[in-house]
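**Q** Just to be clear, the model below is a prediction. Sequence and coordinates:
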Amino acid sequence: MFTLGQKQRIVNKAADVVISDASGAARATTGAVVHSSDSLDIAGFGSFPFASMTDIKFHRGAAAAREIAEHVCLVPAGTVAGDAIEVIITLNTGRYQAEVLAQNFIGNGRSIKFSTTAFAATPDADAVRTAVVAGWTAYKNLFAIGTPFLEIANGTTADDIKTTINAGFESITVEKVELKRVVQGAATQNPVKLASTVSTAGSEGKGTGKFLEESIRMATCYNTDPYGVDTDGAAADIRGTYSALTFTVGGTRDEKLGIAYADQNGLTFSTSFTVFLNEGSTGMLGSDGQIEKIAQAAVEIATATGGGIGAGSIIATDDTTPDLGKEALVIASGASVNTAAEFIA
């Protein structure tokens, strides 16, 4: 019989994930010291002694965020009355929207192009901004594209336009906005890139139920995949946000295969487990919730305390750009923290 190198589980109820002491009693508070004789018990998944854990990582989930950016309009060189301006918006995308934007599923997203009406007089930057916003509205009405990827509106200052990615398209970001003079009887005009400032970074989110449903869950209780999700209670809530706990259990075990060498030598093993904990479940997140208790265990495991537990992960001082391959506790912003209280804040 073989063992998969990585096993995963979705947990939607706080009662299904418990830290137990050597007697099997659940530890009630975060302040209780985690000992090497304690274990992490996950209903329908297994019981995992902390003494056998060689690594642990715990990451908070994060909701998807729509990118919001401002771009400073300018007047392309030579633009006068009677000319128009072509607007070129280049988009990037994560793989979720690749089928929407990517031309070949490998490169960047396609550009959106539209034009303003001809200027009645030589424009200034503010007039360009007004024409671009009006041009976007006309483009949407002309092509009836339904819910577009983004919206374009007046920015916070006189010359700015603001681009806002629409809900449902959070993986899309604006790479650049360019303006190009449109005129007949002149040489080819080159586009001019606008200076941009991102006020809200775009993100597909981390640990979202949508992600688990699309990319992690391998099966349901209605099919026969033996390594998939096996109960209704372990199905992904697509509206939920999940913290991701990953740990590795290692050691040696004796194998009795009828071969002298194998009989006399223990074989090493190492198996990784990932558990997704629904942050919206009652008793999961908050003071003395299961997530805080596990975070406290991660602190003690990573710092090799609580009865001599050793681990390959680390707890460092708060770091806004942590090494995700080492840091045990990482919050929604992507920063690392070194206490369980900070982890759930």
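**A** Here it is on my side, so go on.

**Q** pretty sure residue 41 contacts residue 15?
**A** No. With contact defined as CB atoms under 8 Å, residue 41 does not reach residue 15; the gap is 10.6 Å. Quick note: C-beta positions are derived from backbone N, CA and C, even for glycine.

**Q** Same drill for those two, tell me which one is more crowded.
**A** Using other CB atoms under 10 Å as the criterion, residue 41 and residue 15 rank with residue 41 on top: 16 against 13.

**Q** what's the closest non-adjacent residue to residue 54?
**A** Of all residues not flanking residue 54 in the chain, residue 250 sits nearest, at 4.4 Å (CB to CB, 6 or more residues apart in numbering).

**Q** so what's residue 85 closest to, chain neighbours aside?
**A** residue 116 (4.8 Å).

**Q** cool, residue 61 as well?
**A** Excluding its sequence neighbours, the residue lying closest to residue 61 (CB to CB, 6+ apart) is residue 207, at 3.1 Å.

**Q** what comes up buried for the helix or strand where residue 273 lies?
**A** Per DSSP states H and E, residue 273 falls inside strand 267-278. Going by neighbour count (16 or more other CB atoms under 10 Å), the buried part of strand 267-278 is 271-273, 275-278.

**Q** Distance to residue 83 and pLDDT for those residues - can I get that in JSON lines?
**A** Formatted as JSON lines, those follow (distance: CB to CB, whole Å; pLDDT from 0 to 100):
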{"residue": "271", "distance to residue 83": "66", "pLDDT": "81"}
{"residue": "272", "distance to residue 83": "61", "pLDDT": "85"}
{"residue": "273", "distance to residue 83": "63", "pLDDT": "88"}
{"residue": "275", "distance to residue 83": "60", "pLDDT": "91"}
{"residue": "276", "distance to residue 83": "55", "pLDDT": "93"}
{"residue": "277", "distance to residue 83": "58", "pLDDT": "95"}
{"residue": "278", "distance to residue 83": "56", "pLDDT": "95"}
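
**Q** any idea which of the residues you listed is the one closest to residue 170?
**A** For the buried residues of strand 267-278, the minimum distance to residue 170 (CB to CB) is 19.4 Å, reached by residue 276.

**Q** which residues does that closest one contact?
**A** 8-11, 207, 212, 216, 236, 242-245 (CB atoms under 8 Å, 6 or more residues apart in numbering).

**Q** Show me those residues that map onto helices.
**A** Residues of those located in helices (DSSP state H): none.

**Q** Columns distance to residue 57 on top of the buried residues of strand 267-278, output as TSV?
**A** Listed next are these as TSV, based on distance: CB to CB, whole Å:
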residue	distance to residue 57
271	15
272	10
273	11
275	11
276	13
277	13
278	18
